[in-house]
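Trainee: Take a look and give me a structure for this.
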Amino acid sequence: MRLLRHLRALGGIETHLVISPAGAVSLHHELGLKRGEVERLADRAYRPAAIWAEIASGSFATDGMVVAPCSARTLAGVAHGLSDTLIARAADVCLKERRRLVLLLRETPLDLAHIRNMEAVTLMGGIVMPPVPAFYNRPESVEALVDATLARVLDLLGLDGTALAPRWSGLGEGPGPSPAGDAAAMR
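Mentor: Take a look at the predicted model:
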């Protein structure tokens with residue numbers, strides 16, 4: 001939902017939306033929203049079974065696709081070229097047409113099937129980006145954490161995400177890493 005709002009604010013970007021049945025349940029449970037409320041944020045919205053939609057064809061030019069959040073089921077479908085839903089088919093089109101495909105995998109911990117599916121999608125040219133929160137910008141809210149992830153997504157799509165979160169500028173002459181490194185956290 002926030003990605004759609006940010007894309008609209010950038011202007012000049014046409015958005016197409018597919019919400020899976022599980023996605024609709026998550027929207028209601030996590031945000032108290034109904035499918036139609038989010039669909040209104042997109043220029044076009046489709047049902048997941050509408051595999052005849054224009055986004056299911058390589059002849060329909062797009063700049064890319066984001067699956068957010070991406071379930072392990074959708075990841076597997078994309079990794080194995082299963083085009084049984086519009087989401088999986090549109091993702092397959094992005095891969096075959098060499099367009100940007102960003103999957104925000106929402107699963108943890110990962111099992112071997114997840115890892116192999118992420119590898120397969122990556123080898124096909126997709127980008128698997130679990131929405132891992134970044135704390136180096138010292139976010140003050142959940143929205144700021146989400147926006148930092150969305151800034152990275154916008155960057156991956158070739159759009160400027162700096163309005164959402166500043167880029168890392170280094171520590172300058174600040175303190176270096178601990179001599180013990182990450183192992184210190186394990187003790």
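
Trainee: Quick check: which element contains residue 103?
Mentor: Here residue 103 sits within strand 100-105, counting by DSSP states H and E.

Trainee: Which strands border that strand, and is each parallel or antiparallel?
Mentor: Strand 100-105 pairs in its sheet with strand 64-70 (parallel), strand 127-128 (parallel), by DSSP bridges.

Trainee: closest to residue 156 out of these?
Mentor: strand 127-128 (5.8 Å; CB to CB). Using the backbone N, CA and C atoms, a C-beta is placed for each residue, glycine as well.

Trainee: what distance separates the closest one from the middle of the whole chain?
Mentor: 8 Å (CA atoms, centre = their mean, to the nearest Å).

Trainee: Would you reformat the strands paired with strand 100-105 as TSV and include mean pLDDT, distance to residue 1 and mean neighbour count?
Mentor: TSV is the format used below for the strands paired with strand 100-105 (pLDDT from 0 to 100; distance: least, CB to CB, whole Å; neighbours: other CB atoms under 10 Å):
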stretch	mean pLDDT	distance to residue 1	mean neighbour count
strand 64-70	97	9	21
strand 127-128	98	21	19
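
Trainee: Quick one: those as TSV, columns for distance to residue 102 too.
Mentor: Shown next, in TSV, are the strands paired with strand 100-105 (distance: least, CB to CB, whole Å):
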stretch	distance to residue 102
strand 64-70	5
strand 127-128	5
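
Trainee: Which one of those strands lies nearest to residue 89?
Mentor: Closest approach to residue 89 among the strands paired with strand 100-105 (CB to CB): strand 64-70, 10.8 Å.

Trainee: What's the first helix or strand after the closest one?
Mentor: Following strand 64-70 toward the C-terminus (DSSP H and E): helix 72-79.

Trainee: by contact count, what packs against that next one?
Mentor: helix 86-96, strand 100-105, helix 112-123 (3 or more CB pairs under 8 Å, 6 or more residues apart in numbering; DSSP states H and E).

Trainee: Alpha carbons only: can I get it in PDB?
Mentor: Output of helix 72-79 as PDB, limited to C-alpha atoms (Å, rounded to 0.1, in the frame of the first residue of the first chain):
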ATOM      1  CA  ALA A  72       7.100 -18.600  -0.400                       C
ATOM      2  CA  ARG A  73       4.300 -20.000  -2.600                       C
ATOM      3  CA  THR A  74       4.700 -17.200  -5.100                       C
ATOM      4  CA  LEU A  75       8.500 -17.400  -5.000                       C
ATOM      5  CA  ALA A  76       8.200 -21.200  -5.800                       C
ATOM      6  CA  GLY A  77       5.800 -20.500  -8.700                       C
ATOM      7  CA  VAL A  78       8.100 -17.900 -10.200                       C
ATOM      8  CA  ALA A  79      11.200 -20.000  -9.600                       C
END
